[in-house]
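Visitor: sequence isn't available, so here's the structure alone:
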């Protein structure tokens, strides 16, 4: 068919209907009526003399000819769009607002954001460190990462488990070498212990490590785990840190984990208003988190 006779409007209508497998969704995407989509597709079928859809009782299904034409059209339209973006010097930019638990944001998310940005340069991230339950009102966030000690679900939102949290002791090599050898868990008591929220978690860890009961009345208390991690890295004491958040520093030799014992401390969750309604950018972020976070999917 000569280029001057190509039915471009009908081809665009067919491509949207075939890709979405719905005349109704195609009409919504192209801002026209369902009747207009149906008419354009019917005229295209009459022009080429072949049916492109099977009309079913509740929807439509592509024929073999329709599938072949759809593959060509979708690829062609994508190439045209990419060429126009390149010529105009613009990339398709999307803004994604992520609300993350402060410890998660400071210890893992921010240090690894470059990996996401390199994979998705078209997405501009807005990161907010927040611990209160996300309500997703007034565009405050598209996706949230939250921690909970006991809860597994919340009203008005959907939550997907990301990782169970295991707290482990870490210390800088310099501090560990400044005193007697750390042969037993009790030997950690010769150094300052750094606490998150309260001193009970360290007491629970010593119990898990099999020591005699330990009652702690002293030691700096920090508001979240990222502060504990920073203080530990500076040699201020021994930190009790989420295993996944200490992993990079242990691998790099900045910290050591002197004992294997750990204590459970709740879990992290990915939270959204409705996962099935997420934008393309939000889905890309969720997929990246679930692939990249070291403890994702780990069960105790």
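Guide: It's in. Worth saying up front: this structure is predicted, and the values here are computed from it rather than measured.
Visitor: what residue ranges in the stretch 51-200 of the chain score low on pLDDT?
Guide: 82, 85-93, 135, 137-139 (pLDDT under 70).
Visitor: so where do the strands sit in it?
Guide: Using DSSP state E, counting those that start in this stretch, the strands of the stretch 51-200 of the chain run over residues 53-56, 59-62, 94-100, 123-129, 143-148, 158-170, 193-196.
Visitor: list of residues touching the fifth one?
Guide: Outside strand 143-148, the residues within contact range by CB atoms under 8 Å, 6 or more residues apart in numbering are 96-101, 103-105, 109, 130-131, 133-134, 136, 159, 162, 165, 266-272, 278, 282, 285-286, 289. C-betas here are computed from N, CA, C, even on glycine.
Visitor: so it versus strand 158-170, what angle?
Guide: Here the directions of strand 143-148 and strand 158-170 differ by 60 degrees (axes from the mean of the first three to the mean of the last three CA atoms, to 10 degrees).
Visitor: coming back round to it: of the contacts of strand 143-148, just the buried ones, PyMOL syntax please.
Guide: To isolate the buried members of the contacts of strand 143-148 in PyMOL, using 16 or more other CB atoms under 10 Å:
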select buried, resi 96+97+98+99+100+101+103+104+105+109+130+131+133+134+136+159+162+165+267+268+269+270+271+272+278+282+285+286+289
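Visitor: let's see which of the contacts of strand 143-148 end up in helices.
Guide: Members of the contacts of strand 143-148 lying in helices (criterion: DSSP state H): 103-104, 282, 285-286, 289.
Visitor: roughly how far out does stretch 153-163 sit from the chain middle?
Guide: Here stretch 153-163 is found 13 Å from its chain centre; the criterion is CA atoms, centre = their mean, to the nearest Å.
Visitor: what residues of that stretch count as buried?
Guide: Neighbour-count burial for stretch 153-163, counted by 16+ other CB under 10 Å, picks out 157, 159, 162-163.
Visitor: including distance to residue 143, could those residues go into CSV?
Guide: Formatted as CSV, the buried residues of stretch 153-163 follow (distance: CB to CB, whole Å):
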residue, distance to residue 143
157, 11
159, 11
162, 11
163, 16
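Visitor: residue 30 against residue 13, yeah?
Guide: Yes. Counting by CB atoms under 8 Å, residue 13 is a contact partner of residue 30 at 6.7 Å.
Visitor: what sits in contact with each of those two?
Guide: Residues touching both residue 30 and residue 13 by CB under 8 Å, 6+ apart: residue 37.
Visitor: of these two, who's got more company?
Guide: residue 13 (25 against 17; other CB atoms under 10 Å).
Visitor: who are the contact partners of that one?
Guide: Residue 13 touches 26, 30, 32, 36-37, 40-41, 44, counting by CB under 8 Å, 6+ apart.
Visitor: from residue 25, how far out is residue 276?
Guide: From residue 276 across to residue 25, the span is 14 Å (CB to CB, to the nearest Å).
Visitor: between the two, who's got more neighbours?
Guide: Higher neighbour count among residue 276 and residue 25: residue 25, with 15 against 7, using other CB under 10 Å.
Visitor: dihedrals phi and psi, the more buried one?
Guide: Residue 25 adopts backbone torsions of phi -70, psi -40, taken as degrees, to the nearest 10.
Visitor: mind checking pLDDT for it?
Guide: Model confidence at residue 25, given as pLDDT, is 91.
Visitor: what's the closest of the buried residues of stretch 153-163 to residue 184?
Guide: The closest of the buried residues of stretch 153-163 to residue 184 turns out to be residue 163 (CB to CB; 29.5 Å).
Visitor: does the closest one touch residue 289 like I think?
Guide: No. Using CB under 8 Å, residue 163 is not in contact with residue 289, being 9.8 Å away.
Visitor: between the two, what contacts are shared?
Guide: Counting by CB under 8 Å, 6+ apart, the common neighbours of residue 163 and residue 289 are residue 296.
Visitor: surely residue 279 meets residue 96?
Guide: Yes. In this structure residue 279 lies within contact range of residue 96 using CB under 8 Å: 7.4 Å.
Visitor: now do the shared contacts for the two.
Guide: Taking CB under 8 Å, 6+ apart as the contact rule, residue 279 and residue 96 both touch residue 142.
Visitor: residue 19 sits in which helix or strand?
Guide: helix 8-20 (DSSP states H and E).
Visitor: could you chop the chain up by domain?
Guide: Annotated domains of the chain cover 3-88, 91-300 [automatic domain parsing].
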